[in-house]
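A.B. asks: here is the input, now give the coordinates:
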Amino acid sequence: MARPRIGRQRPEPEDKLEKEALDRLKDARSQKGHVHADLYEAYVFAAPHRARSISSRSKATSAKAGEERLVDTNFFMEVCADFPTEMENTFMPQTGGWAKRGPGMAVPDDKRKTVEDLAAKGDTKIFEAIAASNLYAEYGKGANPDLAIGIYAMWIDHRRAWEPIHCQSIPIRELEINLGPTGEIDDRFVVRHTKRRYVRTLLKGIDLPDEISKDIDDKPEEDACVVWGFWRRWDDEEKEGGERWQYVVLVDDDRVHDAVLKGAGACPLVIGRFGADNDFAWPRGPMLRTLADASVIDELTYKKTKAIDFHIQPPLAIIGDDLPDSDAEAGYMYSFRQGTEIKSMYEPPPMDPAIYFSADIEQRVKRIFYLDYPEQRGKTPPTASQWLDEMTMRQQRIGTPGYAFWTEACAGTFIRFQYLLEKAGVIHEVNIDGKVIALSPYNPAQKSIEQQEVAMFARFVQIGGEAFPEEFKLKSDGGKTLENLARKMAVNEIWEQRSPDDIKAALSQLQGLAQNHPPQAPDVSGASAAPPPDTGSPPVQPRVTLRQV
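C.D. replies: Now for the predicted structure:
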């Protein structure tokens, strides 16, 4: 017999799996309780219309936070919108492959090239599926401002075989998470409050109990709570090997479906954190780290606005019997008795300190948001190497704290697409002697290291090429050096190279031209040179010094 619905006292569930799901959901909600006040304040500045929609215990509301006096400067709305763009361009750009699979350590050296080629073909299919999906569209909706707060959640599923893979961003209000035994995100829940008439659509393919079906038919306008829960089955992984996920679906806290999902990427709910720590499941992103600065900027903006109002329309004092009915207006003529005196009551102070102080805080906030792009600090523009150095430093700063985000969100998304495409038969599992290759994550910090290597090589060329030009050209292999630079700067797809046969043909043409038209001494006289006298012997060619380049 089912337990009473929402609003009534519930008995202890008899179903073991159902009880475990409710207990894990309770623990996950307590994790959000540690940051509930910070999430509320962050939404006040970055998304005021969402400030009251944080807890998963109730449905969303569109009411704004009314207790706080907020001066709408749009500054934090702007930086919270720019931060996801910076993260996307750094970790998962639309124009490039930001993940790849490679052979594991157990693969023999003589088979590594074969495995790399097979994996590369599959990677191409994966990124074609990512481009065909709505991943980036949903990322743009869900990451602002949640990613600036520090969390990113995406539901990725292949609903119909003839459609692209579908992605749906999960807001903070619907998300509940908790840490597992290894310090990573383990328990994860999506809690959605909806009308009963939508329950069958949300749970398509699941046979609902008769009592819930009756409630849907009899009371379609009433609210229902649907919960999707996932957690790792560590004991099963030790026995069977490979990832195992417990999947549970609850409707009004009653279990209606459960399954065990097997394999890396089997969990459809991908979660990434920026600013994660070891103590709590919820991270502290740039928005939470700048809450104190947000309050100061808001207060300064309020006071500056008030001071400007006093500058424009200062309060006046009237000494006499004639009191105006309302404020004085421009263009009006007023009559006063003799002896009436009007004087200003307030001399506003200069506003320079507040303006400069606010600008300093905003610059510090941009640095915390990794939006402090290189700037020209003088009349002389920076050199290319100086600009590259500053950009490299930015990539290093965002790469280290963002590695956890890339591992959880970007690599998790890549693995999820791989799992779905393998299930659909679009790509096939690559293995050697029964050993499956592992995903080789591309460390974002490695990008900054490679850029630093390019910058150091640019300095080397400037110093070595200017000091020892002949020796530098003699020792340098230009073709291989260009290939190395293209790989380090990730422009291989743009740089179109000639084939070896085309290179040989071009060299042959150049050699033929050199033989048919030997180099002549330049004519510096400005007049046509007279033909040499006929001495009966072949003419002597001018001596030309050839340098190898």
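A.B. asks: pretty sure residue 222 sits against residue 196.
C.D. replies: Yes: if you go by C-beta atoms under 8 Å, residue 222 and residue 196 touch, sitting 5.4 Å apart. In this view, the C-beta of every residue, glycine as well, is placed from N, C-alpha and C.
A.B. asks: so how far is residue 197 from the closest residue to residue 181 other than its chain neighbours?
C.D. replies: Excluding the flanking residues, the one nearest residue 181 by C-beta to C-beta, 6 or more residues apart in numbering is residue 234, at 6.7 Å. Distance, residue 234 to residue 197, by C-beta to C-beta, to the nearest Å: 39 Å.
A.B. asks: count residues in the vicinity of residue 399, would you?
C.D. replies: 19 (other C-beta atoms under 10 Å).
A.B. asks: please apply the same query to residue 475.
C.D. replies: Residues lying near residue 475 (other C-beta under 10 Å) number 9.
A.B. asks: now do the strands in this protein.
C.D. replies: Taking DSSP state E, the strands of the chain run over residues 100-102, 151-157, 166-169, 175-179, 185-195, 223-232, 244-251, 254-262, 269-273, 316-319, 341-344, 431-432, 435-436, 438-440.
A.B. asks: so what strands line up beside the second one?
C.D. replies: The partner list of strand 151-157 in its sheet, established with DSSP bridges, is strand 166-169 (antiparallel), strand 269-273 (antiparallel).
A.B. asks: just name the most buried of those.
C.D. replies: Of all the strands paired with strand 151-157, strand 269-273 has the most neighbours on average by mean count of other C-beta atoms under 10 Å, namely a mean of 24.
A.B. asks: hmm, who's touching that strand?
C.D. replies: 150-156, 170, 175, 177, 185, 188, 190, 228, 230, 282-283, 404-406, 408-410, 412-413, 416 (C-beta atoms under 8 Å, 6 or more residues apart in numbering).
A.B. asks: same thing but 6 Å
C.D. replies: 150-156, 185, 188, 230, 283, 405, 408-409, 412-413, 416 (C-beta atoms under 6 Å, 6 or more residues apart in numbering).
A.B. asks: could you pick out the buried ones from these?
C.D. replies: 150-156, 185, 188, 230, 283, 405, 408-409, 412-413, 416 (16 or more other C-beta atoms under 10 Å).
A.B. asks: ok, back up a step: any chance of the strands paired with strand 151-157 in a markdown table, plus distance to residue 143 and mean pLDDT?
C.D. replies: Shown next, in a markdown table, are these (distance: least, C-beta to C-beta, whole Å; pLDDT from 0 to 100):
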| stretch | distance to residue 143 | mean pLDDT |
| --- | --- | --- |
| strand 166-169 | 8 | 96 |
| strand 269-273 | 10 | 96 |
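A.B. asks: how about JSON lines for those, with distance to residue 128 added?
C.D. replies: Converted to JSON lines, these look like this (distance: least, C-beta to C-beta, whole Å):
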{"stretch": "strand 166-169", "distance to residue 128": "15"}
{"stretch": "strand 269-273", "distance to residue 128": "19"}
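A.B. asks: of these, which is nearest residue 456?
C.D. replies: Nearest of the strands paired with strand 151-157 to residue 456, taken as C-beta to C-beta: strand 269-273 at 32.2 Å.
A.B. asks: angle of that closest one against strand 244-251?
C.D. replies: On the basis of axes from the mean of the first three to the mean of the last three C-alpha atoms, to 10 degrees, strand 269-273 is oriented at 110 degrees to strand 244-251.
A.B. asks: tilt between strand 269-273 and strand 185-195?
C.D. replies: Relative orientation of strand 269-273 versus strand 185-195 (the same axes, to 10 degrees): 120 degrees.
A.B. asks: pull the CA atoms of strand 269-273 into CSV?
C.D. replies: C-alpha atoms of strand 269-273 as CSV (Å, rounded to 0.1, in the frame of the first residue of the first chain):
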residue,chain,number,x,y,z
LEU,A,269,23.7,13.6,-15.3
VAL,A,270,27.1,15.3,-15.9
ILE,A,271,28.2,17.7,-13.2
GLY,A,272,31.3,19.9,-13.2
ARG,A,273,32.6,22.3,-10.5
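A.B. asks: ok, and the closest non-adjacent residue to residue 215?
C.D. replies: Nearest to residue 215 is residue 196, by C-beta to C-beta, 6+ apart, at 6.1 Å.
A.B. asks: tell me where the stretch 1-150 of the chain is predicted with low confidence.
C.D. replies: 1-13, 62-73, 104, 106 (pLDDT under 70).
A.B. asks: who's in contact with the closest residue to residue 60 other than its chain neighbours?
C.D. replies: Spatial nearest neighbour of residue 60, excluding adjacent residues (C-beta to C-beta, 6+ apart): residue 53 at 4.3 Å. By C-beta under 6 Å, 6+ apart, the contact list for residue 53 reads 60-61, 173.
A.B. asks: cutoff 10 Å now
C.D. replies: For residue 53, the contact set (C-beta atoms under 10 Å, 6 or more residues apart in numbering) comprises 40, 43, 47, 59-63, 171-174.
A.B. asks: which of those are buried?
C.D. replies: If you count burial by 16+ other C-beta under 10 Å, the buried members of the contacts of residue 53 come out as 40, 43, 47, 171-174.
A.B. asks: and which of those is nearest residue 97?
C.D. replies: Of those, the one sitting nearest to residue 97 (C-beta to C-beta) turns out to be residue 171, at 29.0 Å.
A.B. asks: in the stretch 51-200 of the chain, which spans are helices?
C.D. replies: With DSSP state H, counting those that start in this stretch as the criterion, the stretch 51-200 of the chain has helices at 75-91, 109-132, 135-149, 199-202.
A.B. asks: in the shortest one, which residues are buried?
C.D. replies: Read it as helix 199-202. Using 16+ other C-beta under 10 Å as the test for burial, helix 199-202 gives residue 199.
A.B. asks: for that helix, give the mean pLDDT please.
C.D. replies: The average pLDDT within helix 199-202 is 94.
A.B. asks: re earlier: the residue nearest to residue 181 and residue 244 touch, don't they?
C.D. replies: Yes: under the criterion of C-beta atoms under 10 Å, residue 234 makes contact with residue 244 at 8.1 Å.
A.B. asks: who's more crowded, these two?
C.D. replies: Comparing residue 234 with residue 244 by other C-beta under 10 Å, the one with more neighbours is residue 244, at 19 against 13.
A.B. asks: ok, that one - contacts?
C.D. replies: By C-beta under 10 Å, 6+ apart, the contact list for residue 244 reads 232-238, 260-263, 266.
A.B. asks: got a pLDDT number for it?
C.D. replies: pLDDT, residue 244: 94.
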